[in-house]
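[1] can't give you the sequence, but here's the structure:
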């Protein structure tokens with residue numbers, strides 16, 4: 001059973017454009033190649049927006065047109081090579097063409113990883129632009145949570161910190177003393193989130209029959225907004241049996257851009 005009816009969905013329509021009310025800068029090597037207070041957001045999919053940079057706010061001479069167009073879901077763009085500080089990055093960006101939403105035509109867009117660092121005002125932003133319509137709340141709850149994998153109890157906690165994030169299933173962060181560490185296998189996996197920060201630990205779960213990879217994670221040093229989850233452990237609802245107040249919750253469907261693209265194509 002799909003769990004998507006239990007949490008708010010993304011509501012921003014594809015192709016929506018809004019102003020970015022923050023100064024944006026992007027660093028390549030030791031050089032800032034973007035510095036703007038006039039950027040726009042555009043939603044190419046419902047999950048989060050992309051930055052669109054006015055051409056006058058991209059450093060002179062760093063973009064070279066590759067002479068071909070590329071489809072971008074909500075229109076097309078002329079593909080660009082980025083050259084700055086002795087570095088060359090082919091296909092790093094594009095300039096939106098006449099098939100794109102009118103407000104962003106002629107603006108530049110970039111693959112996130114084409115820049116060495118992005119900043120909103122003076123704070124670095126990771127993974128992708130933060131969605132201004134996404135809310136993330138971490139709330140303490142006295143409702144008991146139990147996690148089972150292949151019928152084995154991996155965690156049983158009398159309380160949790162629940163993280164509610166727009167468009168995603170609720171996550172349940174548990175105190176480590178309530179986890180059965182004899183079944184937890186540390187891995188080298190690291191993931192990042194623009195709202196929570198970078199994980200400090202990942203664990204697979206060993207049951208009597210197999211090892212399930214990367215089912216749990218922790219943020220020992222989350223962003224200040226998510227400080228209540230510091231040091232706690234959460235499990236992917238999608239891959240475990242999670243009981244809240246003794247009731248088995250339906251497993252949520254995976255949420256990803258690839259899944260949205262599949263649904264859009266029908």
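    Yes, it's here. All values reported here derive from a predicted model rather than from experimental measurement.
[2] Okay, buried residues for stretch 194-211 please.
    Neighbour-count burial for stretch 194-211, counted by 16 or more other Cβ atoms under 10 Å, picks out 194, 195, 196, 197, 199, 201, 202, 203, 204, 205, 206. From N, CA and C alone the C-beta is placed, and that goes for glycine too.
[3] ugh, wrong one, stretch 98-118
    100, 101, 104, 107, 108, 109, 110, 114, 115, 118.
[4] Please apply the same query to stretch 88-100.
    Under 16+ other Cβ under 10 Å, the buried positions of stretch 88-100 are 89, 92, 93, 94, 95, 96, 100.
[5] Run through who's touching it.
    Residues outside stretch 88-100 that contact it (Cβ atoms under 8 Å, 6 or more residues apart in numbering): 28, 42, 52, 55, 63, 65-66, 69-70, 72, 74-83, 104-111, 114.
[6] now the strands: where do they sit in the stretch 51-200 of the chain?
    Assigned by DSSP state E, counting those that start in this stretch, the stretch 51-200 of the chain shows strands spanning 63-71, 76-84, 87-96, 108-110, 117-120, 123-125, 136-141, 145-149, 152-157, 160-165, 171-174, 184-187, 192-193, 197-198.
[7] and of these, who's closest to residue 246?
    Across those, residue 246 has its closest neighbour in strand 145-149 (7.8 Å, Cβ to Cβ).
[8] re the thing from before, mind putting the buried residues of stretch 194-211 into CSV with pLDDT and distance to residue 246?
    Listed next are those as CSV, based on pLDDT from 0 to 100; distance: Cβ to Cβ, whole Å:
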residue, pLDDT, distance to residue 246
194, 93, 34
195, 94, 30
196, 95, 28
197, 94, 32
199, 97, 29
201, 97, 28
202, 98, 28
203, 98, 25
204, 98, 27
205, 98, 21
206, 97, 25
